[in-house]
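Undergrad: Sequence and predicted model, in that order:
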Amino acid sequence: MMGNWDDLRLFLAVAREQSLSGAGKLLRLDPATLGRRMARFEKAMQAVLFVKSPSGYALTEAGTQLLARAEAAEQAMRQATADVAVPSDQLAGQIRIGAPDGCANYLLPQVCARLVAENPGLDIQIVALPRVFNLSRREADMAIGVSAPTAGRLVVQKIADYQLHLAAADSYLAERPVIQTVADLQGHRLVGYIPDMIFDRELDYLAALGMTRVPLASNSVSVQVNMIRQGGGVGIVHDFSLAATPGVTRILTKDVSLRRAFYLIRHEDDRRNLRLSRFAEALAQGVRAEVAKLEAIA
């Protein structure tokens, strides 16, 4: 295989993102520069690797064959560096975590802050997006999800259960009719997810209550919580978020109590990566402890 590892790294990004702009953002590289690098790489390989069109970059047969070899080389590089000894038992290097924004906003900041304090050579990146992450495309080194995937070459570890309840701002509750039963919710504004942007069925909370209209909606948990905090209405909140949202009170806790779980998801190829395995265990322990602590004071 001709070319150096840096060429293959750029090739993998373009192949996975299927565009220069998407790959450029991932690599922090100007798309025009990336395009020139790919043109030189194709010339060096003496093969056309992409079919270019206004809709993006699609792999040719030669490109598809190279992708499999490049991914094998990528995994070999990851494995080669995974077991390199570092001073003492500290973790080091960069690790990227994908997570739904509820977890990313209310749990991961304090957990990751402790991890980097304990491991000065460690760099943690949190990608907080309300969607499922594609680990095969290396969008992240590992991801936290709200359901356990059943397809793909993935290693899945349950981290912890967590609780959710209906809640509203004290100011809202003081001005509106008293809510004593689930039926009383019909006379109140609801805050929740945009229905057609719910990326995991485990997040379709209000549908289970028979609620079809959501006057204030967002695909972001933190935006929903802020809507509730500002007196926008009643919504489902994570119990672990309440410590960061003073002035918001749970309601109907005996009638509506939801339990969900967080799962740590890794690519099968990383199972033997000692560095990532150590980090995954530390992360899982940290999230588990943080959920327990915050729910105890909710």
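TA: Ah, there it is.

Undergrad: excluding its backbone neighbours, what's nearest Ala207?
TA: The shortest distance from Ala207 to any non-neighbouring residue, by Cβ to Cβ, 6 or more residues apart in numbering, is to Pro195 (7.9 Å). C-betas here are computed from N, CA, C, even on glycine.

Undergrad: swap in Val237?
TA: Distances taken as Cβ to Cβ, 6+ apart put Ala167 closest to Val237, at 4.5 Å, once the chain neighbours are dropped.

Undergrad: show me where the chain has helices.
TA: 5-17, 20-27, 31-45, 61-82, 101-106, 108-118, 170-175, 205-208, 221-229, 274-296 (DSSP state H).

Undergrad: Rounded mean pLDDT for the longest one, please.
TA: I take that to be helix 274-296. For helix 274-296, mean pLDDT rounds to 94.

Undergrad: How far off centre is stretch 251-263?
TA: 22 Å (Cα atoms, centre = their mean, to the nearest Å).

Undergrad: Pull up the distance across it, start to finish.
TA: One end of stretch 251-263 to the other measures 27 Å (Cα to Cα, to the nearest Å).

Undergrad: got a list of what the residue nearest to Ala207 touches?
TA: Contacts for Pro195 (Cβ atoms under 8 Å, 6 or more residues apart in numbering) come out as Ala207, Val214, Ala217.

Undergrad: Now render the residues you listed as TSV, adding distance to Gln163 and pLDDT.
TA: As requested, the contacts of Pro195 are exported to TSV (distance: Cβ to Cβ, whole Å; pLDDT from 0 to 100):
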residue	distance to Gln163	pLDDT
Ala207	19	77
Val214	21	92
Ala217	22	94
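
Undergrad: Which of the helices of the chain has the highest mean neighbour count?
TA: helix 101-106 (a mean of 23; mean count of other Cβ atoms under 10 Å).

Undergrad: and that one, C-alpha only, in CSV?
TA: What follows is helix 101-106, C-alpha atoms only, in CSV (Å, rounded to 0.1, in the frame of the first residue of the first chain):
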residue,chain,number,x,y,z
ASP,A,101,-27.2,16.1,25.9
GLY,A,102,-28.9,15.3,29.2
CYS,A,103,-26.0,13.1,30.3
ALA,A,104,-23.5,15.5,28.6
ASN,A,105,-24.9,18.6,30.4
TYR,A,106,-25.7,17.3,33.9
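
Undergrad: so what secondary structure elements neighbour that helix?
TA: strand 122-128, helix 221-229 (3 or more Cβ pairs under 8 Å, 6 or more residues apart in numbering; DSSP states H and E).

Undergrad: Pull the distance from that helix to the chain's centre.
TA: Taking Cα atoms, centre = their mean, one finds helix 101-106 lying 9 Å from the centre of the chain it belongs to.

Undergrad: Same question for stretch 159-170.
TA: 19 Å.

Undergrad: And that stretch, what's buried?
TA: By neighbour count on 16 or more other Cβ atoms under 10 Å, the buried set for stretch 159-170 is Ile159, Ala160, Tyr162, Gln163, Leu164, His165, Leu166, Ala167, Ala168, Ala169.

Undergrad: now do stretch 118-129
TA: Buried, per 16+ other Cβ under 10 Å, within stretch 118-129: Asn119, Leu122, Ile124, Ile126, Ala128, Leu129.

Undergrad: cool, stretch 228-246 as well?
TA: 228-229, 231-242, 245.

Undergrad: can you tell me which of these are in strands?
TA: Counted as lying in strands by DSSP state E, out of the buried residues of stretch 228-246, are Val234, Gly235, Ile236, Val237, His238.

Undergrad: Surely the last one touches Gly102?
TA: Yes - applying Cβ atoms under 8 Å, one finds His238 in contact with Gly102, separated by 5.4 Å.

Undergrad: quick one: least confident helix or strand in the chain?
TA: Least confident helix or strand, the chain: helix 205-208 with a mean of 78, by mean pLDDT, DSSP states H and E.

Undergrad: Look through this protein and tell me its longest strand.
TA: strand 154-169.

Undergrad: by contact count, what packs against it?
TA: helix 221-229, strand 234-238, strand 248-251, strand 257-267, helix 274-296.

Undergrad: mind listing what the closest residue to Asp7 other than its chain neighbours touches?
TA: Spatial nearest neighbour of Asp7, chain neighbours left out: Phe41 (4.8 Å); criterion: Cβ to Cβ, 6+ apart. Neighbouring residues of Phe41 by Cβ under 8 Å, 6+ apart: Gly3, Asp7, Leu10, Phe11, Leu49.
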